[in-house]
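Trainee: everything below, folded, please.
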Amino acid sequence: MTTDKQLLKKRFAATFRQYDSLAVVQQEICGQLDEMIGRICPGRIGRAMEVGCGTGFLTRYLLRRYPDAEWIVNDLIEESEIYLRPYASGHYVEYLWGDAELLPLPGELDMIASASAVQWFDNLPLFIDRAVGSLCCGGYFAFTTFGTDNFREIRATTGEGLHYYTSEQLQELLTAAGYGIVETLEYTRHLPFDTPADVLRHIKATGVNSIRKARWGKQQLMDFETAYREHFSMPDGRVALTYHPILVLAQKK
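Mentor: Numbering: from 1, shown residues only. The predicted structure follows:
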């Protein structure tokens, strides 16, 4: 399935005001990736790029960790700059707006970092190949995405969802492109919600409903709620939504 990048841009832009308070899993993932980077890459980074910065969850960590680096910060949505300015002040930050799959990537980078963005790419293997060409020898590609159990309840109930790679498939793609795998982390996180309607509101509020163009009718919503409760109710009467983060730190050989 090809991602409608204009729909993606529109949906995520609409969530920016509330994203920081509601995207709790994405924020946790950024902290975990920063911790991984800090343990393995404690030295100086001269020039680096972040892909898919959004409102700056990962950007804040990276700027604190490498305050003297030259950062090229990318997102599909130009309005990201409004949310990044308070953190970028006093640092060397260059903005590169647009689809990272189509933009020419800068060269001679010590690091490319990305959090919860590459799952939207139409051709992740091609981007992995392009990224290795932009890195210096020994440079790092640090990213997070989601695995095949991500939003499994939504896929089972609606038949819709993104294509996700397994951790093993990601490592194979990276190895074939000329990276060495330094470290990976994979886990599942189950968020509880009072009702299936709350699950839908959460998905809409964090932008991750961006593959569905049409709105549901009343009967479709009722059918969704019935099926979701039937299959994914928790012992306390609430319902669950599964996140399946995968964190990867790879190094160009």
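
Trainee: can you list the residue ranges for strands in the stretch 151-253 of the chain?
Mentor: According to DSSP state E, counting those that start in this stretch, the stretch 151-253 of the chain carries its strands in the segments 179-186, 189-193, 239-243, 245-252.

Trainee: of those, flag the one that's most buried.
Mentor: Among those, the stretch with the highest mean neighbour count (mean count of other Cβ atoms under 10 Å) is strand 245-252, at a mean of 23. C-betas here are computed from N, CA, C, even on glycine.

Trainee: dump it to PDB, restricted to CA.
Mentor: Extracted in PDB, the C-alpha atoms of strand 245-252 (Å, rounded to 0.1, in the frame of the first residue of the first chain):
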ATOM      1  CA  PRO A 245       8.000  -0.500  19.300                       C
ATOM      2  CA  ILE A 246      11.300  -1.600  17.700                       C
ATOM      3  CA  LEU A 247      14.500   0.400  18.400                       C
ATOM      4  CA  VAL A 248      17.600  -0.100  16.300                       C
ATOM      5  CA  LEU A 249      21.100   1.400  16.400                       C
ATOM      6  CA  ALA A 250      23.200   0.500  13.400                       C
ATOM      7  CA  GLN A 251      26.600   1.600  12.300                       C
ATOM      8  CA  LYS A 252      28.000   2.100   8.800                       C
END
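
Trainee: what's that strand in contact with?
Mentor: Under the contact criterion Cβ atoms under 8 Å, 6 or more residues apart in numbering, strand 245-252 has outside partners 25, 29, 32-33, 36-37, 40-41, 132, 135-147, 150, 167, 170-171, 174, 178-187, 189.
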